[in-house]
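Peer 1: coordinates for the following, if possible.
(one chain, ligands or ions: 1)
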Amino acid sequence: MTDFPQGFRWGVATSAYQIEGAVDADGRGPSIWDAFGAVPGAVAGGDTGAVACDHYHRMPEDVALLGELGVDAYRFSVAWPRVQPTGSGRVEPRGLAFYSRLVDQLLERGIEPFLTLYHWDLPQALEELGGWRSRDTALRFAEYATVVHDALGDRVSKWTTFNEPYVSSIVGYGEGRHAPGAREGHGSLAAAHHLMVAHGLAVEAMRGTPGHQFGIVLNQSPSTPVTSSEADVAAARRHDLLLRRQFTEPLFAGRYPEDYAETFAGVTDLSFRKDGDLALISTPLDYVGINYYYRQHVADAPHRDPDPATRTSIDIGIDTTRLPDVPRTAMNWPVEPAGLTETLVGLKERYPDLPPVYVTENGCVYPDRPGFDDQDRIEYLRAHLAAAGDAVAAGVDLRGYFVWSFLDNFEWAHGYKHRFGLVHVDYETLVRTPRASFHWYRDLVAEQRAKVSAAR
Ligand code: GBH
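Peer 2: Predicted structure coming up:
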């Protein structure tokens with residue numbers, strides 16, 4: 001394997017709603033995922049995050065496992081409804097205290113906290129005021145960010161505003177597959193814009209402490225046309241706009257994508273854009289996190305709704321179901337590690353001012369084998385690490401890699417069916433059992449660390 005640079009952070013990732021459970025504990029308010037989980041048919045098997053891994057009560061045991069794993073860093077998210085049960089105003093000290101204990105226990109073991117402020121769990125009270133469709137939610141987010149930063153900024157230096165604003169906005173308000181389950185055009189594009197405004201406002205509000213670093217995490221993967229026909233190439237470009245460029249152009253180039261107005265003509269009047277937004281959104285960052293799972297294959301297709309006025313934002317005249325003949329994971333995601341190299345190198349080429357990069361999520365699901373001997377997961381991770389190494393060799397400033405996920409957890413609309421963990425969780429007994437991949441990753445991290453110290 002390629003050598004990773006000195007100071008490279010090896011980590012694992014989770015998110016609050018996917019592992020914590022304890023949705024009524026210590027004054028936590030409801031989130032949009034609690035509400036969405038109560039809608040019949042919204043989540044497979046009727047699963048909810050009510051208990052999940054019960055991490056809220058088992059945190060010390062989980063941090064001890066992280067210690068055994070020997071990672072340098074742990075990426076987790078803070079649940080806004082634990083800190084501000086109604087999304088604004090009153091702060092719940094017991095919610096903040098939980099994250100304060102988590103941070104202390106990580107630091108005791110020499111594990112660096114990478115904190116994400118928002119991994120999809122909006123306080124339900126804010127959704128009732130319009131949620132991310134409303135610009136006001138961005139102001140509320142900046143207030144919440146300040147509260148968390150004031151409480152933990154003495155010990156946490158890596159601050160991520162959002163995890164995958166594409167999913168929060170387009171999957172939540174456009175496709176309706178995630179909370180809050182809306183299927184809108186303008187509303188979902190407004191949500192995407194307001195998430196970026198919220199990002200800029202929050203970074204500006206938190207900035208000022210020496211040594212603190214601020215970033216955002218984006219899902220990124222190549223949008224590859226299924227043929228070289230003009231129509232398929234144009235379809236892949238629309239897909240790339242929807243998933244990536246509507247975020248990366250404002251964030252890293254301070255401009256709106258040139259094909260945005262045309263692609264969404266009649267869907268939105270762009271009234272959510274205000275003077276000064278671009279300057280705010282493009283506030284300089286210290287890092288960007290990339291979540292990579294699989295390459296997207298895109299073909300041209302007719303719009304499902306011929307009328308732009310009633311069309312959702314995901315209805316951009318594409319078909320993403322024509323997959324190549326390559327191995328798939330249990331979620332049917334094609335395994336194409338080269339797509340990770342292409343993503344990292346491509347971003348760097350497109351945005352000369354791109355900040356340093358972390359791979360903040362990468363992982364997969366396969367059916368469990370006897371003895372939790374998940375050789376297929378090990379192979380997936382090994383191949384993707386090699387692909388990340390290729391990007392380093394090509395000059396990408398990659399600073400770290402986080403496996404998704406540390407524990408099996410609530411996989412959103414799929415419920416508990418799909419297991420991403422290095423650690424198996426028995427949802428009846430809540431017993432944690434490290435899989436073979438846990439031991440493999442522990443050895444890899446130890447080996448990499450030994451290499452770096454030997455080279456010094
Ligand atoms: C991440 O989302 C999440 O951050 C994490 O919480 C989750 O558990 C993990 O991945 C595993 O799913 O097929 O056109 O919708 C990744 C979500 C899934 C978003 C794939 C982009 C591809 C585009 N991504 N999706 S499309």
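Peer 1: close to the ligand: what parts of the stretch 251-400 of the chain are there?
Peer 2: N291, Y293, Q296, T320, E361 (CB under 6 Å from any ligand atom). C-betas here are computed from N, CA, C, even on glycine.
Peer 1: take those and keep only those in strands.
Peer 2: N291, Q296, E361 (DSSP state E).
Peer 1: now for the residue nearest to the second one when sequence neighbours are not counted, how many residues are close by?
Peer 2: It refers to Q296. Of all residues not flanking Q296 in the chain, S223 sits nearest, at 4.9 Å (CB to CB, 6 or more residues apart in numbering). Residues within reach of S223, counting by other CB atoms under 10 Å, total 21.
Peer 1: and what of L115?
Peer 2: 22.
Peer 1: how about the nearest residue to it, chain neighbours excluded?
Peer 2: That would be V156: by CB to CB, 6+ apart, it lies 5.1 Å from L115.
Peer 1: any idea how far the ligand is from the one you found?
Peer 2: 20 Å (CB to the nearest ligand atom, to the nearest Å).
Peer 1: what's the neighbour count on that residue?
Peer 2: Neighbour tally, V156, other CB under 10 Å: 21.
Peer 1: picking that back up, tabulate the ones in strands among the residues of the stretch 251-400 of the chain next to the ligand in CSV, adding columns for pLDDT.
Peer 2: Converted to CSV, these look like this (pLDDT from 0 to 100):
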residue, pLDDT
N291, 98
Q296, 97
E361, 99
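Peer 1: residue of this protein with the smallest distance to the ligand?
Peer 2: Nearest residue of the chain to the ligand, counting by CB to the nearest ligand atom: N219, 4.5 Å away.
Peer 1: show me the contacts for that residue.
Peer 2: E164, Y166, V167, L243, I290, N291, Y292, Y293 (CB atoms under 8 Å, 6 or more residues apart in numbering).
Peer 1: so for it, what's the pLDDT?
Peer 2: Listed pLDDT for N219 reads 98.
Peer 1: dig out what it forms beta bridges with.
Peer 2: N291 (DSSP bridges).
Peer 1: so how far is T343 from it?
Peer 2: 10 Å (CB to CB, to the nearest Å).
Peer 1: what touches both of those two?
Peer 2: In contact with both N219 and T343: I290, Y292, using CB under 8 Å, 6+ apart.
Peer 1: all strands of this structure, in order?
Peer 2: 9-13, 73-77, 112-118, 158-163, 213-219, 223-225, 287-291, 296-300, 318-319, 357-361, 398-404, 423-425, 432-434.
Peer 1: show me what the first one is packed up against.
Peer 2: Right, strand 9-13. strand 73-77, strand 112-118, strand 357-361, strand 398-404, helix 436-455 (3 or more CB pairs under 8 Å, 6 or more residues apart in numbering; DSSP states H and E).
Peer 1: ok, residues contacting that strand?
Peer 2: 66, 69, 71-76, 112, 114, 358, 360-361, 399-406, 422, 441, 444-445, 448-449.
Peer 1: before we move on, the earlier item: of the residues of the stretch 251-400 of the chain next to the ligand, which pair is most distant in space?
Peer 2: Spatially, the most separated pair among those is T320 and E361, at 19.8 Å (CB to CB).
Peer 1: which one of the two is surrounded by more residues?
Peer 2: E361 (24 against 17).
Peer 1: so the more buried one makes contact with Q220?
Peer 2: No - applying CB atoms under 8 Å as the test, E361 and Q220 come out as separate, 10.5 Å apart.
Peer 1: between those two, which contacts overlap?
Peer 2: By CB under 8 Å, 6+ apart, the residues touching both E361 and Q220 are N291, Y292.
Peer 1: let's have the contacts of N219 in JSON lines, adding neighbour count.
Peer 2: Shown next, in JSON lines, are the contacts of N219 (neighbours: other CB atoms under 10 Å):
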{"residue": "E164", "neighbour count": "24"}
{"residue": "Y166", "neighbour count": "22"}
{"residue": "V167", "neighbour count": "20"}
{"residue": "L243", "neighbour count": "23"}
{"residue": "I290", "neighbour count": "23"}
{"residue": "N291", "neighbour count": "23"}
{"residue": "Y292", "neighbour count": "25"}
{"residue": "Y293", "neighbour count": "22"}
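Peer 1: pull out the buried residues from stretch 191-211.
Peer 2: 191-203, 206 (16 or more other CB atoms under 10 Å).
Peer 1: mind listing the helices for the stretch 51-200 of the chain?
Peer 2: 55-69, 80-83, 93-108, 124-127, 135-152, 165-166, 186-206 (DSSP state H, counting those that start in this stretch).
Peer 1: and the last one, C-alpha only, in CSV?
Peer 2: Output for helix 186-206, consisting of C-alpha atoms alone and laid out as CSV, is shown next (Å, rounded to 0.1, in the frame of the first residue of the first chain):
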residue,chain,number,x,y,z
HIS,A,186,-38.4,24.7,-5.3
GLY,A,187,-38.6,23.7,-1.6
SER,A,188,-35.8,21.2,-1.9
LEU,A,189,-33.6,23.5,-3.9
ALA,A,190,-34.2,26.2,-1.4
ALA,A,191,-33.3,23.7,1.4
ALA,A,192,-30.0,23.0,-0.4
HIS,A,193,-29.2,26.7,-0.6
HIS,A,194,-30.2,27.4,3.0
LEU,A,195,-28.0,24.5,4.2
MET,A,196,-25.0,26.2,2.6
VAL,A,197,-26.0,29.6,4.0
ALA,A,198,-26.2,28.0,7.4
HIS,A,199,-22.8,26.5,6.9
GLY,A,200,-21.3,29.9,6.1
LEU,A,201,-23.1,31.6,9.0
ALA,A,202,-22.0,28.9,11.5
VAL,A,203,-18.3,29.0,10.4
GLU,A,204,-18.2,32.7,10.7
ALA,A,205,-19.9,32.5,14.1
MET,A,206,-17.5,29.9,15.5
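Peer 1: low-confidence ranges in this protein?
Peer 2: In the predicted model of the chain, residues 1, 456 satisfy pLDDT under 70.
Peer 1: list the contacts of the residue most central in space within it.
Peer 2: Centroid check for the chain by CA atoms, centre = their mean gives N163 as the closest residue, at 3.6 Å. Neighbour list for N163: S15, S77, T116, Y118, H119, W120, V217, N291, T360 [criterion: CB under 8 Å, 6+ apart].
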